[in-house]
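1. My questions concern the predicted model and sequence given below.
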Amino acid sequence: MMLIPAIKLEMMNEEINFNDIVSFQVKKAEGLSKTKLPFNCGLFVVKMLECRSLGLKKMSSINDDIAMDLRRKLCCEMFDQFMDKDFQEGCRRMVALLFKQSVLVSLCESTIKSLNC
């Protein structure tokens, strides 16, 4: 396979000489869990990459039986990434603004009713 090295050279704005590119081999990973359901494959890849990056070699616990739990945990982890202080402060400001607007609308409506308009 030479595609990835060629893309790398292209991104570095270097001239591509296909004679100089050393090809590499792709080996099929052995002993990894396989999903029987087509919609779990992305989840499996994400969790296996996470395990691998943490140095965990045993990934047999990643299976279809716990896929929904893994999906929930991943969803919570992603949500937590957005719940930093800046995001929370922005939410507080938005809620305060919406509250002020709703108070103004209520005040206008009550004023109109009292004037019998």
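-> Noted; the coordinates are in hand.

2. Quick check: D69 vs S23, distance?
-> Distance, D69 to S23, by Cβ to Cβ, to the nearest Å: 41 Å. Every residue, glycine included, has its C-beta placed from N, CA and C.

3. Tell me the gap between stretch 7-14 and the middle of its chain.
-> The chain centroid and the centroid of stretch 7-14 are separated by 27 Å, computed with Cα atoms, centre = their mean, to the nearest Å.

4. All the helices of this structure, in order from the start?
-> 3-11, 41-53, 67-82, 85-114 (DSSP state H).

5. and the shortest one, average pLDDT?
-> This means helix 3-11. For helix 3-11, mean pLDDT is 67.

6. and if you look at stretch 29-38?
-> In this model, stretch 29-38 has a mean pLDDT of 83.

7. May I see the buried residues of it?
-> Within stretch 29-38, the residues scored as buried using 16 or more other Cβ atoms under 10 Å are T35.
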